[in-house]
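Student: mind looking at a prediction? Sequence and model below.
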Amino acid sequence: QTSINALIQLNQTQAKLSASAMMLLVKKLMGVTSDLDMKDIIEDATESGDQLYRAQSFTNLLELKVFFHQWDDATNLLDEAGDLRQIVSLRGLFTWSRYTFLEGLIS
């Protein structure tokens, strides 16, 4: 958690996102997290205005939903995210391929 706060102060958005996703996964495995944490990540990504950050946030959360076999939640999150491939295809090939793979699994 401390490293996430440091990354926020250093304005390291992509590293913060990766660290936040890993922290959320650990919390989820330990049973100390709630859906409120996931909603906070979505709100932060949406309010930031950075489309790549938003796409990566949704992709990370989709991965968690698939990992824990929460298919209904994943379907709702996929609908909320919309089509992110257009945004990500120009700036992030790795995120684009992850999103496309997850979309195929969920749909």
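Tutor: That came in fine, so what should we check first?

Student: do you have the strands of the chain handy? List them.
Tutor: Shown for the chain, no strands are assigned by DSSP state E.

Student: low pLDDT regions in it?
Tutor: Along the chain, the model assigns pLDDT under 70 to residues 1-21, 33-37, 89-91.

Student: ok, Ile87 - how many residues close by?
Tutor: 17 (other C-beta atoms under 10 Å). For glycine as for every other residue, the C-beta is placed from the backbone atoms N, C-alpha and C.

Student: whoops, Asn76 was the one
Tutor: By other C-beta under 10 Å, the burial measure for Asn76, its neighbour count, is 13.

Student: start the count at 835, not 1, going forward
Tutor: Taking 835 as the first residue, the last one we looked at is Asn910.

Student: how near is it to Val866?
Tutor: Relative to Val866, Asn910 is positioned 23 Å away (C-beta to C-beta, to the nearest Å).

Student: and the helices in the chain?
Tutor: Secondary structure of the chain (DSSP state H): helices located at 836-843, 847-864, 869-882, 885-901, 905-915, 919-925, 927-940.

Student: run the chain-centre distance for the third one.
Tutor: Taking the mean of its C-alpha atoms, helix 869-882 sits 9 Å from the chain's own mean (C-alpha atoms, centre = their mean, to the nearest Å).

Student: name the residues that touch it?
Tutor: 847, 854, 858, 861, 887-888, 890-892, 894-895, 898, 914 (C-beta atoms under 8 Å, 6 or more residues apart in numbering).

Student: C-alpha coordinates for it, PDB please?
Tutor: Taking C-alpha atoms only, helix 869-882 is exported to PDB below (Å, rounded to 0.1, in the frame of the first residue of the first chain):
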ATOM      1  CA  ASP A 869     -16.800  -4.400  -4.400                       C
ATOM      2  CA  LEU A 870     -16.300  -0.800  -3.100                       C
ATOM      3  CA  ASP A 871     -12.600  -1.000  -3.900                       C
ATOM      4  CA  MET A 872     -13.300  -2.100  -7.500                       C
ATOM      5  CA  LYS A 873     -15.800   0.800  -7.900                       C
ATOM      6  CA  ASP A 874     -13.200   3.200  -6.600                       C
ATOM      7  CA  ILE A 875     -10.800   2.100  -9.300                       C
ATOM      8  CA  ILE A 876     -13.400   2.500 -12.000                       C
ATOM      9  CA  GLU A 877     -14.400   5.900 -10.800                       C
ATOM     10  CA  ASP A 878     -10.800   7.100 -10.600                       C
ATOM     11  CA  ALA A 879     -10.100   5.800 -14.100                       C
ATOM     12  CA  THR A 880     -13.200   7.400 -15.600                       C
ATOM     13  CA  GLU A 881     -12.600  10.800 -13.900                       C
ATOM     14  CA  SER A 882      -9.000  10.900 -14.900                       C
END
